[in-house]
Structure formats: C-alpha cells, structure tokens
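1. Fold the stuff below for me.
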Amino acid sequence: MNTYLLLCAVAPVLTIIIYIYIQDKYEKEPVGLLIASFFLGGIISVLIVTGLYIFTGNFIPITDEYSIWQQFINAFIVVALSEEFSKYVIVKYFAQPKKAFNEPYDGIIYAVMVSMGFACTENILYVLQGGFETAVLRAFTAVPAHATFGILMGYYMGKAKFSNNRFKLNMAGLFLAVLFHGAYDFFLFIRFIPGISTGAFVSLFIAIVLSRKAIKRHQNNSNFKT
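-> Here you go, the predicted structure:
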C-alpha cells in the first residue's frame, strides 16, 4: 500500500473533523463516542451501502448511461438515498440516544463523524486507485461534500433530539442530505451534456453556505452557552 497516497486520502478527512470539533464551543463530546461514530461510519455504513447497492442494482438497473432520467434515479435513489440512509441509521440508533448527545450541535458533530468515516473509506479506495491527482480533486470536492451532507442532516437531527416532532425532523435531515447529495452526483453523472457538471459545484457551494449557517445557529442555541 502506498503510504503517501494513504496520507493524502486521510488528510482532508482529518482536517474537516478537527474543524467541526473546534466549532463545538461549549460542551465537547466524549472522544470515545466520536471515534466510535467515525469507525461505524467507515465500516458499518459501507457494509449497509454495499447491500443496498446490490439490491437497487438488481431492481433499478442502469441500462442507458445517456438517459437523463436513469441517471437522475441513479443519483438520487441508488447512490444518495443509499449512502445517506446508511449514515442516518448510525446517527439515529447509536449517537442520538446517548446521554452525551445533550445539545443541538451534537447532531452535527456526530453526523459529520459518521459521514467522515464513510468518506474516509471511500476516499482511500478512490485515491489508491486514481493517484495523487484524484486525492487533490476529492480533497476539495467529494470529501467536503460528504461533510456538508452530514452537517445538514445533523442540524435537523440535533433539533429532533429535543423536540416532540422527532420523526419529522429526523426525516427532514435525511431528506436534505439526500437532496444535496443527489443533486451533486446528478450533475456529475450527466457529464455527457457539455458544461452541466458546473451544477455539482454550484450545489456544493450552496450546501457549504447552508452548513455554515447551520453550525452558527446551533452554536447560538447551545444549552451550555452562558
């Protein structure tokens, strides 16, 4: 295994984790739970996605790569829903019930940890196969994209923990993550239309802007802010 490429694959993931951890200003989460969330995302989420890919691949086959409709289904259902659902399950059933999950921002940090675990495994596979150029490209696109999907999902799951409308808010988080993930992938999947891939970067930019606002809002609404 190429150690240099491995470091290149892991570096953007660690950078985002450190940034999100620093933004948890008022009541830090137990490091053990964060590490557990990361590895659950990197292992269990990947296994769930693999199973879902096999299922959707059999029932929703892509027979025409130049079909906009089929690529839409591929982006939003086969890929985005499968991947975000695999992350959602871990946040919902592992992190959200924990006593340490005691303020809205915790939804963001746990969702990001799970997302970065998934992104780390995915990034290592892509980078070891594609090399340094792939590492650089994904460091500024796919890895931050997974982080924003996690933040948007976690924002609502953080609200859900302290609401009587937990189901609706959890679903809102999952929906928003799938929406932006699907949009990002869709514009990349239909690259046979000249210039259309720009839409992926526009959707990523919008997701980053919304993510920054989500972080700020939960910081301001912290139960531990004095």
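
2. Please give me every residue in contact with the closest residue to Ile44 other than its chain neighbours.
-> Among residues not flanking Ile44 along the chain, Ile90 sits closest, at 6.2 Å (Cβ to Cβ, 6 or more residues apart in numbering). All C-beta atoms are positioned from the backbone trio N, CA, C, and that covers glycine. Counting by Cβ atoms under 8 Å, 6 or more residues apart in numbering, Ile90 touches Ser37, Leu40, Gly41, Ile44, Ser45, Val114.

3. repeat for Ala145
-> Neighbouring residues of Ala145 by Cβ under 8 Å, 6+ apart: Phe180, His181, Tyr184, Leu204, Ala207.

4. Name the nearest of the residues you listed relative to Glu65.
-> Tyr184 (18.1 Å; Cβ to Cβ).

5. And for the closest one, the neighbour number?
-> 26 (other Cβ atoms under 10 Å).

6. Would you check that it makes contact with Ser203?
-> Yes: Tyr184 lies in contact with Ser203 (Cβ atoms under 8 Å); the separation is 5.0 Å.

7. between the contacts of Ile90, which has the most around it?
-> Val114 (32 neighbours).

8. list the contacts for it?
-> Ser37, Phe38, Leu40, Gly41, Ser45, Lys87, Ile90, Val91, Ala95, Gly150.

9. Look up the closest residue to the last one, ignoring the ones flanking it.
-> If you skip the residues right next to it in sequence, Gly150 has Ser115 as its closest partner in space, 3.2 Å away by Cβ to Cβ, 6+ apart.

10. swap in the fourth one?
-> Distances taken as Cβ to Cβ, 6+ apart put Gly117 closest to Gly41, at 2.7 Å, once the chain neighbours are dropped.

11. And what about that neighbour, helix, strand or coil?
-> helix (DSSP: H, G, I helix; E, B strand; the rest coil).

12. Check the gap between it and Leu210 for me.
-> Noted for Gly117: a distance of 22 Å to Leu210, by Cβ to Cβ, to the nearest Å.

13. So these two - more neighbours on which side?
-> More crowded of Gly117 and Leu210, by other Cβ under 10 Å: Gly117, with 28 against 16.

14. Am I right that that one is in contact with Leu40?
-> Yes: between Gly117 and Leu40 a contact is recorded at 6.5 Å, counting by Cβ under 8 Å.

15. so where's the protein uncertain?
-> By pLDDT under 70, the low-scoring segments of the chain are 1.

16. mind listing the helices for it?
-> In the chain, the helices defined using DSSP state H lie at 3-23, 31-59, 68-73, 82-90, 105-130, 132-139, 142-160, 166-189, 198-220.

17. Would you mind giving those as a markdown table with distance to Thr226 added?
-> Conversion of the helices of the chain to a markdown table gives the following (distance: least, Cβ to Cβ, whole Å):
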| stretch | distance to Thr226 |
| --- | --- |
| helix 3-23 | 17 |
| helix 31-59 | 23 |
| helix 68-73 | 48 |
| helix 82-90 | 32 |
| helix 105-130 | 15 |
| helix 132-139 | 37 |
| helix 142-160 | 20 |
| helix 166-189 | 26 |
| helix 198-220 | 13 |
